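Q: Here is my input, please return the structure:
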Amino acid sequence: MGQCRYCHENAGWFRRQHSDCQRAHARAVAEIDRMGKDAALRGRGLDTLLDDIRRVAAAGRVDVGGSAMQDILVRAWGLAVDESLEDGVFKPEERQNLNRFRVHFGLGEDILNRAGHFDTFRMMHLIGMIQNNEQIPRFDRRAARARFGRFPFNLMKSEEMVWVFREVPYYEQVTTREFQGSSLGVSVRVAKGVYLRPGAFRGRTVSSSSMQRTDTGTMGITTKHIYFGGTQKAFRVRLDRIVSIMPYSDGLGIMRDRARAKPEHFGLTEHNVWFAANLVEAIQSADDLALPGSDDGTLDDIVGAMVTGDAADIIDDDDDDDDDDDGNLVPVSVLGSS
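A: Got it, this is the predicted structure:
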């Protein structure tokens with residue numbers, strides 16, 4: 001007899017669970033995810049959330065012991081981040097509530113980033129800052145040196161690094177040429193062992209183009225340029241000299257404004273493609289982008305300050321109105337793959 005993995009009673013031959021137990025478990029998991037997601041996104045019921053989860057879990061025989069409760073909270077926070085993207089708007093109060101949730105339950109950045117959700121949260125926060133405040137956070141060069149060693153880019157004094165991607169494949173269009181031809185005519189025997197073949201040989205050069213991976217390196221986006229530094233190539237491209245940006249499911253394509261320009265492609269995940277394209281658009285759309293000073297906060301400083309409402313002390317905002325007004329929304333245009 002098999003034993004039900006939920007109620008631990010006999011489940012019958014070659015069976016691991018009762019149908020009723022399985023349905024009750026699935027309903028409980030869905031309800032726990034809903035409660036956790038709503039609490040993270042709307043900032044309500046944080047003090048009673050754990051007791052509510054335990055109550056629902058007991059009815060559906062959901063494990064909440066050991067690290068299982070932490071896994072539930074991490075999953076709920078990730079679901080809330082995903083939902084905040086679905087409606088195309090990332091509200092300031094959503095950012096603050098997500099921060100309160102992770103601080104209330106002591107969820108660290110590494111834990112929340114198991115599936116990349118904390119990076120997503122930081123990305124949305126950065127785009128929102130640029131679109132709402134037209135302010136760039138100070139780039140944390142100390143953290144960059146610890147992560148990259150010697151920082152690979154020599155920036156201009158009038159620009160600030162905004163985001164860095166590591167291990168980015170770089171593709172460019174490569175044209176190959178070969179000569180193809182054929183001969184015409186037939187062989188005619190004129191003597192024993194002697195043949196004459198009147199005719200002609202015709203040929204032509206055939207060209208073919210393809211995107212080929214030519215290097216792998218670090219890609220950086222600043223307030224003025226896209227940088228790339230690899231083992232074979234190092235260059236920067238002015239944002240205002242990019243004719244078109246083409247988001248694909250496997251990378252970001254660009255076309256420069258110059259004679260005989262060829263397509264270039266930076267290999268990124270689909271999620272990073274969305275972010276990079278929207279980040280460049282936000283930077284280019286800002287009329288007067290303020291560069292940070294040496295005493296201004298980094299992105300992590302500002303994200304953390306949103307928990308306590310001290311972000312105004314870090315971001316110098318001329319607008320004295322409450323940033324949590326319903327009318328102050330951050331549009332998030334999700335770009336599809338090509």
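Q: And the helices in the stretch 201-338 of the chain?
A: 270-285, 299-305, 311-314 (DSSP state H, counting those that start in this stretch).
Q: how far away is the residue sitting nearest the centre point of the chain from H265?
A: In the chain, the residue lying closest to the centroid (CA atoms, centre = their mean) is N272, at 2.8 Å. Going from N272 to H265 by CB to CB, to the nearest Å gives 13 Å. Any C-beta I mention is one placed from the backbone N, CA and C, and that applies to glycine too.
Q: try Q173
A: 9 Å.
Q: Of these two, which one has the most company?
A: Per other CB atoms under 10 Å, whichever of Q173 and H265 has more neighbours is H265, with 20 against 13.
Q: That one contacts M211, correct?
A: Yes - counting by CB atoms under 8 Å, H265 touches M211, with 5.8 Å between them.
Q: Would you mind writing the CA trace of whichever strand or helix holds R95 as CSV?
A: Per DSSP states H and E: R95 is located in helix 92-104. Output in CSV follows, covering the C-alpha atoms of helix 92-104 (Å, rounded to 0.1, in the frame of the first residue of the first chain):
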residue,chain,number,x,y,z
PRO,A,92,6.1,54.7,-5.8
GLU,A,93,3.9,53.1,-3.1
GLU,A,94,4.5,49.7,-4.5
ARG,A,95,8.3,50.2,-4.3
GLN,A,96,7.9,51.3,-0.7
ASN,A,97,5.6,48.4,0.3
LEU,A,98,8.0,45.9,-1.3
ASN,A,99,10.8,47.3,0.7
ARG,A,100,8.8,47.3,3.9
PHE,A,101,7.9,43.6,3.4
ARG,A,102,11.5,42.5,3.0
VAL,A,103,12.7,44.5,5.9
HIS,A,104,9.8,43.4,8.2
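Q: re the thing from before, give me the pLDDT value at the residue nearest to the centre of the chain.
A: At N272, the model reports a pLDDT of 91.
Q: How about the contacts made by it?
A: F165 (CB atoms under 8 Å, 6 or more residues apart in numbering).
Q: can you do 10 Å?
A: G116, D119, T120, M123, W163, F165, V168, M219, G251, L252, F266 (CB atoms under 10 Å, 6 or more residues apart in numbering).
Q: Got a quick ChimeraX command for the buried subset of those?
A: Selection of buried members from the contacts of N272 for ChimeraX, criterion 16 or more other CB atoms under 10 Å:
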select :119,120,123,163,165,168,219,251,252,266
